[in-house]
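Engineer: pasting a predicted model and its sequence here:
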Amino acid sequence: MQAFTTVTGRAVPLMRTNIDTDVIIRIERLTAGEPSTLGTYAFEAWRYLPDGTENPDFTPNQPKYRGAPILIAGRNFGCGSSREGAVHALQGMGLRCVIAESFGDIFFGNCFQNGMLPIRLPDENIQTLVAETNVSEVPCTIDLKLLTITTPSGRTIPFTTDPQRREALLEGLDDIGLTLKYEADITKWQTQDRLARPWVWLPT
Amino acid sequence: MQRTLIDKIWDAHVVRDLGDGWVLLHIDRILLHDLSGPGALQDVKARGLKVRNRELVIATPDHAVSSAPGRTGETFAQGARLWAGLKTLSQEAGIRLFDLGQDGQGIVHVMGPELGLVLPGTTLICGDSHTCTNGGLGALAFGVGTSESVHALATQTMRQRKPKRMRIRIDGELGHGVSAKDVILHVIGALGTAAGVEHAIEYSGSTIRSMPIEGRLTICNLSVELGAKSGLIAADDTTFEYIAGRQFAPEGAKFDAAVKHWRTLVSDDDAKFDREVAIDARTIAPTITWGTSPQHAIAIDGRIPDLASEVTSAGRESLVAALEYMGLQPGQPIAGTKIDWVFIGSCTNSRISDLRDAAAIARNRHVADNVTAWVVPGSLRVKRQAEAEGLDRVFIDAGFEWREPGCSMCVAANGERVPPGARAVSTTNRNFVGRQGPRARTHLASPAMAVAAAISGSISDVRRI
Ligand code: SF4
């Protein structure tokens, strides 16, 4: 997994609420099985007009936001389907960090599995950030070690992240390797459970 | 300490405390489907890992397979690779697979309960957000991403933090024409799609208690549309009766011992929830969505909201975008809106009771000329049962297409789509932009309401049919 320490760049606002993973990436793009092209199809229903050209009204299409590594979105971002391709699609657009008041739970977890940082911020901080990025060309910086967002005006907004997730992201750690060390605990639990709840254990 | 049902199941599955509120949680069942299953199994293999407890893993193709009569895994060419991958990789790993045409195959959240694979008090995951459906049987079931499935396959555990606990009490008798689907759409309309974020929800109250299991599965199915990790209902006699005799359910003394244990899995009287909500079921009318989020739910005799109803600018922007996408005007009544398509199916409403409800309205009536209507049963068992009861004839005579089990048009991953610009009433769970196909317009409703729309050619109140 790609580690995350700091990211500096433009923050693009997409201030709609309840942006779901179906809109982030259509399911048929996933069945087609070309992970490397997902970035092209991120937000396709909004990003392109029916004739296939870019929709100029879609904020991330504006020249100043192209390739922005930070997305600021409305509440409950990434709700809906569990598709991990939603994270890959956002990464394919060049995003490394999404800031919103709240997130869909599965999407939130999927971000950490893929080196993407989701940040929960109270609404007033989001409003400040959007107001500043709308008028300024100066980039923002997200620092996961310091747990700060530096806004275009140089102001810092603190954020919190679960300590274990932060650690894994900073180091680019893979949790399967860590869990496998607890093999003995798992076996012990299962041995007890086979006696306590034999009905759960299906024949092999 | 008084504990909730969620705490009881959770605590019993903790293999190890990992600090900072994290635990290693044992997972009793892993379900795989053709969309996320092959990738997860492939990844396990590529990392040189093994499926740890293959007997606790169950696979079935549902998402990317055609629902056309006589279909095979290759009828939908783009999905053939996924179907074949699920099959080969499951066989290689020794995982139980219920393949197309084989007894047991179906939408993953329909076949699990039906086969007795889902039991009260178990933990269950699947790489699919509607895994919460299984909570209808008192299991703690939640959807995960593919990477997390890989972790679960390799270790039979997940690294988890306990979700907050929420309780939604629903009391009172349901009115005529009001089903479980209307109840849960009403709840989402009232609370919003972010109400359950970071929570697991226990549904309780007299309405839930008197609901059969299939209705409870429908209620829990839409928990993720409230933003919740999981939704569940404490098992009771209705649950035990449902489970008894199913293919993988315990039998004899084992079943009795299980029931004894399951009876303890209820929230204690003074258990503390992080959030509690009460809903009066008597106020619920047949409900339908007008927009592009499940929270855009209104009573069938209600009106599409006007812009003044949203105070924040982000909220207003979403509302305007939804109205434009749906081609609707604010403030208008929803009933009478002309439709083009009806889809009856999905893990929300494709079980036998749903098809019986739908057939009761369709009997001796006919689908309107301007409407194309499909019925896609949730599983092969549902399909055979419906055929044994003659429901297929009722639908076919009424002008519906009767198809093979799978997700089909619920997510359009198999190429079966509502055409661009067309308006559909669907018994599914998501009306997102493009969900049923690019530019498709979806209204979520119950099976009976969907049939009412099909025969009248417009959104209609089932109570007036
Ligand atoms: S029926 Fe629809 S919601 Fe259910 S599992 Fe299939 S695609 Fe997902």
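Structural biologist: Yes, it's here.

Engineer: do the worst-scoring helix or strand of chain A on mean pLDDT and the ligand meet?
Structural biologist: Within chain A, judged by mean pLDDT, DSSP states H and E, the helix or strand with the poorest mean is helix A:27-31; its value is a mean of 90. No - no part of helix A:27-31 sits near the ligand under the criterion C-beta under 6 Å from any ligand atom; the closest distance found is 8.1 Å. C-beta: built from backbone N, CA, C; applies to glycine.

Engineer: which secondary structure elements does that helix sit against?
Structural biologist: helix A:38-41, helix A:85-92, helix B:77-93 (3 or more C-beta pairs under 8 Å, 6 or more residues apart in numbering or on different chains; DSSP states H and E).

Engineer: of those, which is nearest the ligand?
Structural biologist: Of all those, the one in closest proximity to the ligand, counting by C-beta to the nearest ligand atom, is helix B:77-93 (12.6 Å).

Engineer: rewinding a little: deepest of the helices and strands packed on helix A:27-31, which one?
Structural biologist: For the helices and strands packed on helix A:27-31, average neighbour numbers computed from mean count of other C-beta atoms under 10 Å in any protein chain shown are highest in helix A:85-92, which has a mean of 24.

Engineer: who does the next helix-or-strand element following it pair up with?
Structural biologist: Stepping forward along the backbone from helix A:85-92, the first helix or strand reached (DSSP states H and E) is strand A:97-100. The partner list of strand A:97-100 in its sheet, established with DSSP bridges, is strand A:70-73 (parallel), strand A:117-120 (parallel).

Engineer: closest point of chain A to the ligand, which residue?
Structural biologist: Per C-beta to the nearest ligand atom, residue A:81 is where chain A lies closest to the ligand, at 7.2 Å.

Engineer: in chain A, which spans are strands?
Structural biologist: Assignment of strands within chain A using DSSP state E yields the ranges A:6-9, A:11-14, A:70-73, A:97-100, A:117-120, A:140-143, A:148-150, A:156-158.

Engineer: mind putting the ones you listed into JSON lines with mean neighbour count and mean pLDDT?
Structural biologist: Conversion of the strands of chain A to JSON lines gives the following (neighbours: other C-beta atoms under 10 Å in any protein chain shown; pLDDT from 0 to 100):
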{"stretch": "strand A:6-9", "mean neighbour count": "16", "mean pLDDT": "97"}
{"stretch": "strand A:11-14", "mean neighbour count": "23", "mean pLDDT": "96"}
{"stretch": "strand A:70-73", "mean neighbour count": "24", "mean pLDDT": "98"}
{"stretch": "strand A:97-100", "mean neighbour count": "25", "mean pLDDT": "98"}
{"stretch": "strand A:117-120", "mean neighbour count": "22", "mean pLDDT": "98"}
{"stretch": "strand A:140-143", "mean neighbour count": "20", "mean pLDDT": "98"}
{"stretch": "strand A:148-150", "mean neighbour count": "19", "mean pLDDT": "98"}
{"stretch": "strand A:156-158", "mean neighbour count": "14", "mean pLDDT": "97"}
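
Engineer: what distance do you get for residue A:134 to residue A:11?
Structural biologist: Computed with C-beta to C-beta, to the nearest Å, the distance linking residue A:134 and residue A:11 is 10 Å.

Engineer: grab the nearest non-local neighbour of the residue nearest the centre of chain A.
Structural biologist: What sits nearest the mean C-alpha location of chain A, by C-alpha atoms, centre = their mean, is residue A:111, with 4.2 Å. The shortest distance from residue A:111 to any residue other than its chain neighbours is 4.5 Å, reached at residue A:118 (C-beta to C-beta, 6 or more residues apart in numbering or on different chains).

Engineer: closest to residue A:151 out of the strands paired with strand A:97-100?
Structural biologist: strand A:70-73 (11.1 Å; C-beta to C-beta).

Engineer: list the contacts for residue B:254?
Structural biologist: When contacts are counted by C-beta atoms under 8 Å, 6 or more residues apart in numbering or on different chains, residue B:254 is found next to A:198, A:199.
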